[in-house]
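Engineer: Kindly generate the corresponding structure for this input.
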Amino acid sequence: MSKKLVLAEKPSVGRDIARVLGCQAKGQSYMENSQYIVTWALGHLVTLATPERYNKAYNTWTLESLPMIPKPFKLEVIKNTSKQYYEVRKLMERSDVNEIIIATDAGREGELVARWIIDYAGCKKPLKRLWISSVTDKAIKDGFNKLVNGRNYDNLYYAARARSQADWIVGLNGTRALTVKHNASLSMGRVQTPTLGLVNQRELEVRKFVAQDYYELEGQIDGINVKAYQPKSGTTRWLKKSVADEVYKSIHSGEATIKSLTIKEKQTTKTGFYDLTELQRDANRQFGYSAKDTLSSMQMLYERHKVLTYPRTDSKYITEDVVETLIDRLRACRTGSNKEFVGQIIKNGIKAKPTFVNNAKVGDHHGLVPTEVSPSYHQLSPKELKVYNLVVDRFLAVLMPPYRYEEVSMEAEISRVQFRGKATKTIDQGWQAVYGGEEATVGNASTSILQGDKVQIHGLKVKTAKTSAPSYLTEADLLGQMEKSG
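Structural biologist: Got it, this is the predicted structure:
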């Protein structure tokens, strides 16, 4: 009887798939039943060959041998994991295997892991692709019911291969050139070098910075903070204290006329779930976690605990077919202080809004959201718990009602000096309540004055301040700049 060989990326995922498929017979590096054989890689088992494989002259680092641009590129087995590669190849070559199901991570790098193994083994058997965004039992079962022709992902494979070859060309040639030219151990990389450039650019900006004093006139009208501004430039700053003092003297005893006063009700919604980069940025800002720490925690929450969807996503949206699963995902994270918010969302009902549902803005994977599996909190590490809660809070905030507030905008004039100011007053915290209201802009927007009224500016004073030097880049800053560097 013919069988299908399932190739997972890691042993843990392979064993989960084998359990769901009912594969109980154990081999040295696989599990099997009458329909399936499930095996796994250990991350990459095959990689691009080293320069020495192309030409023995490359054993010696010289400028004359550069650039090294292989045509075509060659592959080789990674020595440390070669035993597993040959076990997988042996399974591919079995006469009872008539189809390969790629079940590595559903992303660019996962595709490369599988395709290089398949290509280097010379396997020509038909390919199918398991494409899932979580590794819950339900997701695995649904995925095997919707297997896709593996060749549909050829372009994803080509993109991954091109990225790897670009790394090889830039990294190895650049590293050899720098090292030989400067007679020092120097390295260059496609990502590493421009990132270092960003850090260096900011360092130069900090060194060149010279602090400058500036002065502002500020006070209050009916409890609303106002600042004097210069109509032509719009700036509230004076660079000379003598000028600021003169303006202060000219107006400090007179009455101001309210030139305009507008009161508007406004609202904001939390748009979009987390993608990988934004979650890494927030985890760095709030907890000081490195991007690597956050990704590692996310991978465990996805792979081991099965409570988050696939972490390596660049989308903040979900597709329309995911909307019907949101209630189950909400119930899975209904604990502690979340109960109130989950209950409110379910009671109000969930409508597919363009602020979080957009098929066109979902690539390989949708935005990060909880799965239908409730976490065993005692099994989560402190870092995993904090990262999980970040995702859940964003998930709830996106589904909560808008934050509604009243905004008062005021413009006043005294002795031909213009003042302006704003204040806000919360009407309904909406999604802000998920964050304890800490993100809300709350002020005293109540006012009894009207346009045309004559009023006093209370507490009027000249405030002295200094311009601030550019801050050094945090990891969160770098992630944001790298995301947009293209």
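Engineer: SS state for Ile102?
Structural biologist: The local conformation at Ile102, judged by DSSP: H, G, I helix; E, B strand; the rest coil, is strand.
Engineer: Could I get the contacting residues of the closest residue to it other than its chain neighbours?
Structural biologist: The shortest distance from Ile102 to any residue other than its chain neighbours is 4.4 Å, reached at Ala114 (CB to CB, 6 or more residues apart in numbering). Quick note: C-beta positions are derived from backbone N, CA and C, even for glycine. By CB atoms under 8 Å, 6 or more residues apart in numbering, the contact set of Ala114 is Leu7, Glu9, Ala41, Ile102, Thr104.
Engineer: Reformat these as a markdown table; add neighbour count.
Structural biologist: As requested, those are arranged in a markdown table below (neighbours: other CB atoms under 10 Å):
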| residue | neighbour count |
| --- | --- |
| Leu7 | 26 |
| Glu9 | 23 |
| Ala41 | 23 |
| Ile102 | 27 |
| Thr104 | 24 |
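Engineer: ok, back up a step: as a whole number, average confidence for the helix or strand the residue nearest to Ile102 falls within?
Structural biologist: Here Ala114 sits within helix 108-120, counting by DSSP states H and E. Per-residue pLDDT values over helix 108-120 give a mean of 97.
Engineer: How about that helix, which residues are buried there?
Structural biologist: Arg108, Glu109, Gly110, Glu111, Leu112, Val113, Ala114, Arg115, Trp116, Ile117, Ile118, Tyr120 (16 or more other CB atoms under 10 Å).
Engineer: what residues are up against the first one?
Structural biologist: Going back to what we said before, that points to Arg108. Leu156, Ala159, Ala160, Arg163, Asp364.
Engineer: wait, which of those is closest to Glu64?
Structural biologist: Arg163 (28.5 Å; CB to CB).
Engineer: what's the neighbour count on that closest one?
Structural biologist: Using other CB atoms under 10 Å, Arg163 has 14 other residues around it.
Engineer: Any figure for the gap between the residue nearest to Ile102 and Leu5?
Structural biologist: Per CB to CB, to the nearest Å, Ala114 is found 11 Å from Leu5.
Engineer: OK, contacts around the closest residue to Gly150 other than its chain neighbours?
Structural biologist: Spatial nearest neighbour of Gly150, excluding adjacent residues (CB to CB, 6+ apart): Leu127 at 2.7 Å. By CB under 8 Å, 6+ apart, Leu127 lies in contact with Glu99, Ile100, Ile101, Ile102, Ile118, Asn149, Gly150, Arg151.
Engineer: right, and the pair among the contacts of Ala114 with maximum separation?
Structural biologist: Checking these with CB to CB, the most distant pair is Ala41 and Ile102, at 10.6 Å.
Engineer: and the helix or strand hosting Arg329, C-alpha only, in PDB?
Structural biologist: Assigned by DSSP H and E, Arg329 falls within helix 326-332. Extracted in PDB, the C-alpha atoms of helix 326-332 (Å, rounded to 0.1, in the frame of the first residue of the first chain):
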ATOM      1  CA  LEU A 326     -13.100  34.800  16.700                       C
ATOM      2  CA  ILE A 327     -15.700  33.800  19.300                       C
ATOM      3  CA  ASP A 328     -13.800  30.600  20.100                       C
ATOM      4  CA  ARG A 329     -10.500  32.500  20.300                       C
ATOM      5  CA  LEU A 330     -12.100  35.000  22.700                       C
ATOM      6  CA  ARG A 331     -13.400  32.300  25.000                       C
ATOM      7  CA  ALA A 332      -9.900  30.700  25.100                       C
END
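Engineer: Buried residues in the helix or strand that comes right after that helix, which are they?
Structural biologist: Using DSSP H and E, the helix or strand that follows helix 326-332 in sequence is helix 338-348. Buried residues in helix 338-348, counting neighbours by 16+ other CB under 10 Å, are found at Asn338, Phe341, Val342, Ile345.
Engineer: got those as JSON lines, with pLDDT columns?
Structural biologist: Shown next, in JSON lines, are the buried residues of helix 338-348 (pLDDT from 0 to 100):
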{"residue": "Asn338", "pLDDT": "91"}
{"residue": "Phe341", "pLDDT": "96"}
{"residue": "Val342", "pLDDT": "96"}
{"residue": "Ile345", "pLDDT": "96"}
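Engineer: got these as JSON lines, with distance to Lys463 columns?
Structural biologist: Shown next, in JSON lines, are these (distance: CB to CB, whole Å):
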{"residue": "Asn338", "distance to Lys463": "43"}
{"residue": "Phe341", "distance to Lys463": "41"}
{"residue": "Val342", "distance to Lys463": "46"}
{"residue": "Ile345", "distance to Lys463": "44"}
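Engineer: what's the neighbour count on Val210?
Structural biologist: Using other CB under 10 Å: Val210 sits among 6 other residues.
Engineer: how far away is it from Tyr229?
Structural biologist: In terms of CB to CB, Val210 sits 25 Å off from Tyr229.
Engineer: again with Asn359
Structural biologist: For Asn359, the distance to Tyr229 - CB to CB - is 45 Å.
Engineer: Those two: who's more crowded?
Structural biologist: Tyr229 (19 against 11).
Engineer: Checking the residue lying closest to that one once chain neighbours are set aside next. Helix, strand or coil?
Structural biologist: By the measure of CB to CB, 6+ apart, the closest residue to Tyr229 outside its immediate chain neighbours is Thr236, 4.7 Å from it. Counting by three-state DSSP, the backbone at Thr236 sits in coil.
Engineer: Surely Leu301 is within a helix?
Structural biologist: Yes: the assignment for Leu301 is a helix, going by three-state DSSP.
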